[in-house]
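Visitor: Show me how the following folds:
(one chain, ligands or ions: 5)
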Amino acid sequence: MPFPPPDSPAAPVPPSPPLGMLRMARRILQVEDLFSETCRRDCYCLKCQRAFCSHCCGFHHGHTNWGGDMVVRVGLDAGGGGQPVFPTHTAGGGHRIPRPIAEEIAAEDYTSRLARDAFCLHCGRAFCAAVCDHHHDRSGEGIPAGGAVLRVVEERGGRICVRCEGTEWWAPHMDVALGDPVHVGEDERGQYYELLPVLRFERGSCLRCGGAVPRLPSTFCSDLCNQAHHRETEERRRRREARHAALASGAVRQQLRQLSISS
Ligand SMILES: [Zn+2]
Ligand SMILES: [Zn+2]
Ligand SMILES: [Zn+2]
Ligand SMILES: [Zn+2]
Ligand SMILES: [Zn+2]
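Guide: Ligands and ions are numbered 1, 2, ... in the order given. Model prediction:
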(Lines give C-alpha, C1' and ligand atoms only; values in the text may rest on other atoms or scores of the structure.)
(Ligands and ions follow the chains in the order given, each with its own letter.)
Protein backbone atom coordinates (compact mmCIF):
# COMPACT_ATOMS: atom_id res chain seq x y z
CA MET A 1 0.00 0.00 0.00
CA PRO A 2 1.53 3.39 -0.93
CA PHE A 3 2.12 6.05 1.70
CA PRO A 4 -0.26 9.01 1.68
CA PRO A 5 1.35 12.14 0.22
CA PRO A 6 2.82 14.47 2.88
CA ASP A 7 0.04 17.06 2.67
CA SER A 8 -2.88 14.61 2.77
CA PRO A 9 -5.23 15.01 5.74
CA ALA A 10 -4.70 12.70 8.69
CA ALA A 11 -6.67 9.45 8.63
CA PRO A 12 -10.12 9.82 10.20
CA VAL A 13 -10.17 9.00 13.91
CA PRO A 14 -11.72 5.53 14.26
CA PRO A 15 -14.58 4.93 16.69
CA SER A 16 -13.30 4.19 20.18
CA PRO A 17 -12.50 0.47 20.29
CA PRO A 18 -13.47 -1.60 23.32
CA LEU A 19 -10.74 -0.76 25.81
CA GLY A 20 -11.54 -3.64 28.17
CA MET A 21 -11.03 -6.08 25.31
CA LEU A 22 -7.71 -4.46 24.42
CA ARG A 23 -6.51 -4.54 28.03
CA MET A 24 -7.34 -8.23 28.29
CA ALA A 25 -5.70 -9.05 24.94
CA ARG A 26 -2.53 -7.15 25.90
CA ARG A 27 -2.27 -9.06 29.12
CA ILE A 28 -2.68 -12.41 27.38
CA LEU A 29 -0.04 -11.45 24.81
CA GLN A 30 2.42 -10.38 27.50
CA VAL A 31 1.93 -13.20 29.99
CA GLU A 32 0.89 -16.36 28.18
CA ASP A 33 3.02 -18.71 26.11
CA LEU A 34 1.10 -18.43 22.85
CA PHE A 35 3.50 -19.11 20.02
CA SER A 36 5.89 -21.89 21.04
CA GLU A 37 3.59 -24.69 19.86
CA THR A 38 2.66 -25.41 16.28
CA CYS A 39 -0.70 -26.46 14.88
CA ARG A 40 -2.00 -28.87 12.28
CA ARG A 41 -5.38 -29.28 10.65
CA ASP A 42 -7.10 -31.86 12.83
CA CYS A 43 -10.78 -31.47 11.90
CA TYR A 44 -12.99 -31.17 8.85
CA CYS A 45 -16.19 -29.14 8.83
CA LEU A 46 -18.90 -30.70 6.67
CA LYS A 47 -20.85 -27.46 6.58
CA CYS A 48 -17.94 -25.21 5.57
CA GLN A 49 -16.35 -28.01 3.53
CA ARG A 50 -12.86 -27.34 4.77
CA ALA A 51 -10.24 -28.73 7.06
CA PHE A 52 -9.24 -26.63 10.03
CA CYS A 53 -7.24 -26.64 13.26
CA SER A 54 -9.35 -27.05 16.38
CA HIS A 55 -7.03 -24.75 18.34
CA CYS A 56 -7.14 -21.88 15.86
CA CYS A 57 -10.60 -22.30 14.51
CA GLY A 58 -12.59 -24.71 16.66
CA PHE A 59 -15.07 -22.18 17.96
CA HIS A 60 -15.79 -20.89 14.46
CA HIS A 61 -17.41 -24.20 13.56
CA GLY A 62 -20.04 -24.61 16.29
CA HIS A 63 -22.95 -24.70 13.83
CA THR A 64 -25.32 -25.55 16.67
CA ASN A 65 -28.39 -25.15 14.47
CA TRP A 66 -27.03 -27.93 12.30
CA GLY A 67 -27.21 -30.44 15.10
CA GLY A 68 -23.63 -30.00 16.27
CA ASP A 69 -22.28 -32.98 14.38
CA MET A 70 -20.88 -31.18 11.37
CA VAL A 71 -17.28 -31.50 12.52
CA VAL A 72 -15.29 -34.65 11.81
CA ARG A 73 -12.16 -35.19 13.91
CA VAL A 74 -9.15 -36.31 11.92
CA GLY A 75 -6.41 -38.16 13.76
CA LEU A 76 -3.06 -39.41 12.55
CA ASP A 77 -2.50 -43.13 12.45
CA ALA A 78 0.52 -43.78 14.67
CA GLY A 79 1.11 -47.27 13.22
CA GLY A 80 0.44 -46.36 9.59
CA GLY A 81 3.08 -43.76 8.96
CA GLY A 82 0.98 -40.91 10.31
CA GLN A 83 -1.75 -41.22 7.69
CA PRO A 84 -4.94 -39.25 8.42
CA VAL A 85 -7.71 -41.35 9.96
CA PHE A 86 -11.31 -40.33 10.49
CA PRO A 87 -14.57 -42.11 11.36
CA THR A 88 -17.03 -43.51 8.86
CA HIS A 89 -19.94 -41.78 10.62
CA THR A 90 -20.51 -38.25 11.87
CA ALA A 91 -20.01 -37.60 15.60
CA GLY A 92 -22.54 -39.32 17.81
CA GLY A 93 -22.99 -42.05 15.23
CA GLY A 94 -25.33 -39.77 13.28
CA HIS A 95 -24.90 -40.25 9.58
CA ARG A 96 -22.68 -42.34 7.40
CA ILE A 97 -20.22 -40.07 5.59
CA PRO A 98 -20.81 -40.60 1.84
CA ARG A 99 -17.82 -41.76 -0.15
CA PRO A 100 -17.33 -38.57 -2.25
CA ILE A 101 -17.29 -36.49 0.91
CA ALA A 102 -14.90 -38.92 2.60
CA GLU A 103 -12.63 -38.45 -0.40
CA GLU A 104 -12.82 -34.69 0.00
CA ILE A 105 -11.96 -35.03 3.68
CA ALA A 106 -9.03 -37.31 2.90
CA ALA A 107 -7.70 -34.94 0.24
CA GLU A 108 -6.88 -32.19 2.74
CA ASP A 109 -3.51 -31.70 4.41
CA TYR A 110 -3.53 -32.81 8.05
CA THR A 111 0.14 -33.45 8.63
CA SER A 112 1.94 -30.15 7.88
CA ARG A 113 3.01 -28.37 11.03
CA LEU A 114 1.73 -24.82 10.98
CA ALA A 115 3.30 -21.94 12.90
CA ARG A 116 1.07 -19.70 14.99
CA ASP A 117 1.85 -16.43 13.31
CA ALA A 118 -1.07 -14.19 14.20
CA PHE A 119 -2.86 -12.89 17.26
CA CYS A 120 -6.48 -11.76 17.42
CA LEU A 121 -7.09 -8.87 19.80
CA HIS A 122 -10.79 -9.61 19.70
CA CYS A 123 -10.48 -13.24 20.83
CA GLY A 124 -7.18 -12.90 22.73
CA ARG A 125 -5.94 -15.89 20.78
CA ALA A 126 -2.91 -16.95 18.78
CA PHE A 127 -3.59 -18.74 15.52
CA CYS A 128 -2.19 -19.74 12.16
CA ALA A 129 -3.22 -17.11 9.62
CA ALA A 130 -3.10 -19.54 6.71
CA VAL A 131 -5.61 -21.88 8.35
CA CYS A 132 -8.18 -19.46 9.72
CA ASP A 133 -9.46 -16.27 8.14
CA HIS A 134 -12.42 -15.91 10.53
CA HIS A 135 -10.43 -13.76 12.96
CA HIS A 136 -9.88 -11.18 10.23
CA ASP A 137 -13.58 -10.63 9.95
CA ARG A 138 -14.31 -9.04 13.31
CA SER A 139 -14.86 -5.42 12.39
CA GLY A 140 -18.16 -3.92 13.43
CA GLU A 141 -18.07 -5.11 17.03
CA GLY A 142 -16.46 -1.84 18.13
CA ILE A 143 -13.47 -2.80 16.02
CA PRO A 144 -12.55 -0.57 13.09
CA ALA A 145 -12.41 -1.87 9.55
CA GLY A 146 -9.36 -3.97 8.94
CA GLY A 147 -10.06 -6.16 11.92
CA ALA A 148 -8.08 -6.88 15.03
CA VAL A 149 -5.41 -9.28 13.84
CA LEU A 150 -1.73 -8.70 14.58
CA ARG A 151 0.91 -10.41 12.46
CA VAL A 152 3.42 -12.10 14.73
CA VAL A 153 7.01 -12.84 13.76
CA GLU A 154 9.58 -14.76 15.74
CA GLU A 155 12.88 -12.90 15.62
CA ARG A 156 16.22 -14.67 15.81
CA GLY A 157 16.76 -15.59 19.43
CA GLY A 158 13.11 -16.53 19.84
CA ARG A 159 11.86 -13.05 20.59
CA ILE A 160 8.20 -12.65 19.67
CA CYS A 161 7.56 -9.47 17.68
CA VAL A 162 4.48 -7.83 16.23
CA ARG A 163 4.67 -6.48 12.70
CA CYS A 164 3.41 -2.91 12.47
CA GLU A 165 3.11 -0.79 9.33
CA GLY A 166 2.53 2.39 11.27
CA THR A 167 -1.05 3.09 10.23
CA GLU A 168 -2.92 0.44 12.22
CA TRP A 169 -5.69 1.65 14.53
CA TRP A 170 -4.41 -0.54 17.35
CA ALA A 171 -0.90 0.94 17.41
CA PRO A 172 -1.70 3.67 20.00
CA HIS A 173 -3.24 1.02 22.27
CA MET A 174 -0.20 -1.23 22.25
CA ASP A 175 2.58 1.11 23.42
CA VAL A 176 2.28 -0.37 26.88
CA ALA A 177 2.88 -3.93 25.64
CA LEU A 178 5.21 -3.52 22.65
CA GLY A 179 8.77 -2.16 22.78
CA ASP A 180 10.70 0.04 20.38
CA PRO A 181 11.36 -1.56 16.97
CA VAL A 182 14.05 -4.22 16.80
CA HIS A 183 13.89 -4.02 13.02
CA VAL A 184 12.52 -1.62 10.40
CA GLY A 185 12.45 -2.27 6.69
CA GLU A 186 10.44 -2.65 3.53
CA ASP A 187 8.95 -5.92 2.44
CA GLU A 188 9.03 -7.30 -1.09
CA ARG A 189 5.99 -5.15 -2.00
CA GLY A 190 7.78 -2.00 -0.86
CA GLN A 191 5.60 -1.79 2.23
CA TYR A 192 7.30 -0.21 5.25
CA TYR A 193 7.09 -2.25 8.45
CA GLU A 194 8.65 -2.43 11.85
CA LEU A 195 8.96 -5.33 14.26
CA LEU A 196 7.97 -4.45 17.80
CA PRO A 197 8.98 -6.92 20.51
CA VAL A 198 6.28 -8.08 22.92
CA LEU A 199 7.24 -6.91 26.41
CA ARG A 200 6.74 -10.14 28.32
CA PHE A 201 6.36 -10.54 32.06
CA GLU A 202 5.40 -13.34 34.38
CA ARG A 203 2.24 -13.44 36.41
CA GLY A 204 3.14 -12.58 40.00
CA SER A 205 6.29 -10.73 38.94
CA CYS A 206 6.73 -6.99 38.50
CA LEU A 207 5.79 -6.01 34.98
CA ARG A 208 8.78 -3.69 34.79
CA CYS A 209 11.69 -5.19 36.75
CA GLY A 210 10.60 -8.81 37.20
CA GLY A 211 10.85 -8.58 40.99
CA ALA A 212 8.29 -10.14 43.31
CA VAL A 213 5.03 -8.23 43.72
CA PRO A 214 3.85 -7.72 47.30
CA ARG A 215 0.33 -9.00 46.60
CA LEU A 216 -1.83 -9.97 43.64
CA PRO A 217 -3.45 -8.61 41.55
CA SER A 218 -0.79 -5.89 41.72
CA THR A 219 1.49 -5.90 38.70
CA PHE A 220 4.33 -3.82 40.17
CA CYS A 221 6.78 -4.45 42.99
CA SER A 222 6.58 -0.80 44.09
CA ASP A 223 5.05 2.59 43.33
CA LEU A 224 8.43 3.58 41.98
CA CYS A 225 8.35 0.85 39.34
CA ASN A 226 4.74 1.71 38.55
CA GLN A 227 5.63 5.37 37.93
CA ALA A 228 8.74 4.50 35.93
CA HIS A 229 6.70 2.11 33.79
CA HIS A 230 4.17 4.82 32.97
CA ARG A 231 6.93 7.28 32.18
CA GLU A 232 8.66 4.77 29.90
CA THR A 233 5.40 3.92 28.15
CA GLU A 234 4.76 7.61 27.56
CA GLU A 235 8.28 8.07 26.14
CA ARG A 236 7.78 5.08 23.87
CA ARG A 237 4.46 6.53 22.70
CA ARG A 238 6.18 9.81 21.78
CA ARG A 239 8.90 7.95 19.89
CA ARG A 240 6.29 5.93 17.99
CA GLU A 241 4.29 9.04 17.12
CA ALA A 242 7.41 10.83 15.89
CA ARG A 243 8.42 7.77 13.88
CA HIS A 244 5.02 7.37 12.29
CA ALA A 245 4.73 11.10 11.56
CA ALA A 246 8.07 10.90 9.74
CA LEU A 247 6.73 7.82 7.99
CA ALA A 248 3.61 9.64 6.80
CA SER A 249 5.77 12.51 5.52
CA GLY A 250 7.83 10.11 3.43
CA ALA A 251 11.11 10.89 5.20
CA VAL A 252 11.59 7.41 6.61
CA ARG A 253 10.97 5.77 3.28
CA GLN A 254 13.58 7.95 1.63
CA GLN A 255 16.10 7.01 4.32
CA LEU A 256 15.38 3.32 3.83
CA ARG A 257 15.78 3.69 0.07
CA GLN A 258 19.12 5.46 0.48
CA LEU A 259 20.31 2.77 2.85
CA SER A 260 19.45 0.03 0.38
CA ILE A 261 21.12 1.93 -2.49
CA SER A 262 24.34 2.55 -0.57
CA SER A 263 24.61 -0.99 0.81
ZN1 LIG B 1 -4.21 -24.05 15.41
ZN1 LIG C 1 -11.71 -19.92 12.01
ZN1 LIG D 1 -17.81 -24.88 9.78
ZN1 LIG E 1 -10.55 -13.57 16.71
ZN1 LIG F 1 9.57 -3.57 39.81
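Visitor: Please name the residues that touch the residue nearest to residue 154 when sequence neighbours are not counted.
Guide: Excluding the flanking residues, the one nearest residue 154 by CB to CB, 6 or more residues apart in numbering is residue 160, at 6.0 Å. All C-beta atoms are positioned from the backbone trio N, CA, C, and that covers glycine. Contact analysis of residue 160 by CB atoms under 8 Å, 6 or more residues apart in numbering lists 34-35, 152-154, 197-198, 200.
Visitor: Report how many residues lie close to residue 175.
Guide: 21 (other CB atoms under 10 Å).
Visitor: Quickly check: the longest helix seen in the chain near ligand 5 or not.
Guide: Counting by DSSP state H, the longest helix found in the chain is helix 223-249. Yes: Helix 223-249 reaches ligand 5 (CB under 5 Å from the ion) through residue 225.
Visitor: I'd like to know which elements that helix is packed against.
Guide: helix 251-262 (3 or more CB pairs under 8 Å, 6 or more residues apart in numbering; DSSP states H and E).
Visitor: And the average pLDDT for the helix it packs on is what?
Guide: Across helix 251-262, the average pLDDT comes to 68.
Visitor: near ligand 5, which residues of the chain?
Guide: 206, 208-209, 211, 221, 225.
Visitor: Return the set of buried residues in the longest helix of the chain.
Guide: Neighbour-count burial for helix 223-249 flags 225-226, 229, 236, 240, 243-244, 247-248 (criterion: 16 or more other CB atoms under 10 Å).
Visitor: check contacts around residue 41.
Guide: 51-53, 74, 108-110, 112, 114, 131.
Visitor: repeat for residue 232
Guide: residue 208.
Visitor: Recalculate using a threshold of 6 Å.
Guide: Residues counted as contacts of residue 232 (CB atoms under 6 Å, 6 or more residues apart in numbering): none.
Visitor: One more: residue 180?
Guide: Residues in contact with residue 180 (CB under 6 Å, 6+ apart): none are found.
Visitor: Which helix or which strand is home to it?
Guide: Under the criterion DSSP states H and E, no helix or strand holds residue 180.
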